[in-house]
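Visitor: I'll drop the sequence and a predicted model, then ask my questions.
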Amino acid sequence: MATEAKQSILNRMLSVILFCLIRTCKAKAYPPKGDEDAAVQLETIPRPGIRANNWKAHDDLHGGNIMLGDMDSNCPEHTLCPVVKLIDFGLSGQLAPWGERPLWFRR
């Protein structure tokens, strides 16, 4: 029984980490509008029909470019697992929109 409980916690933590990484990708595709000094807020999915025009590839994703932040008692997702962020976009580049070249094509 204890092993199942540990497995459940690990699965939950991995889900939160993956969700944070997905949110990072969303924020890069749909950067927030407004003042840089505005309060931090969670990313939202734009309404249907709005397409991103900011397609980027990180091109240097490895464990050294994934940072763990603090736990956040104000956010239910981060009471169990710290905030996860991607860093070092120095090698990132702009991608062509869908349909203009295959996804596997390397710049």
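Guide: It's in.

Visitor: all helices of this structure, in order?
Guide: Taking DSSP state H as the criterion, the chain carries its helices at 2-29.

Visitor: Sketch out the low-pLDDT regions of the chain for me.
Guide: Residues of the chain meeting the criterion pLDDT under 70: 1-2, 45, 50-54, 96-107.

Visitor: Would you map the strands across it?
Guide: 56-57, 66-68, 84-86, 93-94 (DSSP state E).

Visitor: Make a markdown table from those and add mean neighbour count and distance to Pro31 to it.
Guide: The way it works is simple: take the backbone N, C-alpha and C, and place the C-beta from them, glycine included. Shown next, in a markdown table, are the strands of the chain (neighbours: other C-beta atoms under 10 Å; distance: least, C-beta to C-beta, whole Å):
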| stretch | mean neighbour count | distance to Pro31 |
| --- | --- | --- |
| strand 56-57 | 15 | 10 |
| strand 66-68 | 13 | 19 |
| strand 84-86 | 17 | 14 |
| strand 93-94 | 10 | 13 |
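
Visitor: Ok, which of those comes nearest Arg23?
Guide: Nearest to Arg23 among the strands of the chain is strand 84-86; the distance by C-beta to C-beta comes to 8.9 Å.

Visitor: Summarise which helices and strands that closest one is packed against.
Guide: Helices and strands touching strand 84-86, by 3 or more C-beta pairs under 8 Å, 6 or more residues apart in numbering; DSSP states H and E, are helix 2-29, strand 66-68.

Visitor: Alright, calling it a day.
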